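**Q** Sharing a model prediction with you, sequence too.
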Amino acid sequence: MGLLNLASAASAWRGYEYYKSGKVKRYRETDDDQYEGQVIGSNGASYQVKINLEHPRSSQCACPHAAGRRIVCKHMVALYFSVFPEEAEDYYREVIEAEEMAEQEQEQLENAVIAYVGKMKKAELQQALLQTLFEGPEWQFERFVCENLGEYDMR
Ligand SMILES: [Zn+2]
């Protein structure tokens, strides 16, 4: 499994931001598929980071998140993207595409609900509304009461 795939979604994204904002100060190849570099952390600390592309879990960073654990942190991802800028752009494109896809799916779902509700009969609507009011969150019930049954003061 590649280094990027071992990173959590949050670490991958933060790593991309670190790379883009120039937090990787320098790096060099130390061996085949191995690089080391200096990455500035969020607290201003400078971390010595080593990534091993053949054995990503052997990558090292002294940050609190990764120290002593075999995980891929944002500093490792930032270093990786500095070494392979085209991978960074591929990654960014995939994130944007996934977001657009999720937005489209949400929009389709909302349109389907709107169309369905538009076809419901009055009795069905009443039942659905009561169910939503009694089984939904309390704030929703209270708001309905405030907006429609003013004589019952919920406060
Ligand atoms: Zn780290």
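**A** That came through fine.

**Q** Domain map for this structure?
**A** Per automatic domain parsing, the structural domains of the chain span 3-85, 121-150.

**Q** buried residues in the last one?
**A** What it means is domain 121-150. Of the residues in domain 121-150, none count as buried by neighbour count, 16 or more other Cβ atoms under 10 Å. The way it works is simple: take the backbone N, C-alpha and C, and place the C-beta from them, glycine included.

**Q** most packed of the domains of the chain?
**A** The highest mean neighbour count among those, using mean count of other Cβ atoms under 10 Å, belongs to domain 3-85: a mean of 18.

**Q** re the thing from before, for residue 98, find the nearest of the domains of the chain.
**A** Among these, domain 3-85 comes nearest to residue 98, with 9.9 Å by Cβ to Cβ.

**Q** okay, how far is it across the closest one, tip to tip?
**A** Terminal residues of domain 3-85 are spaced 15 Å apart (Cα to Cα, to the nearest Å).

**Q** Close to the ion: what parts of this structure are there?
**A** Listed as neighbours of the ion in the chain under the rule Cβ under 5 Å from the ion: 61, 63, 66, 73, 75.

**Q** who's in contact with the fourth one?
**A** Translated: residue 73. 7, 11, 15, 61, 63, 65-66 (Cβ atoms under 8 Å, 6 or more residues apart in numbering).

**Q** Just confirm residue 50 is within a strand.
**A** Yes. Counting by DSSP: H, G, I helix; E, B strand; the rest coil, residue 50 falls inside a strand.

**Q** from what I can see it touches residue 35, true?
**A** Yes. Contact criterion Cβ atoms under 8 Å: residue 50 and residue 35 qualify, at 7.3 Å.
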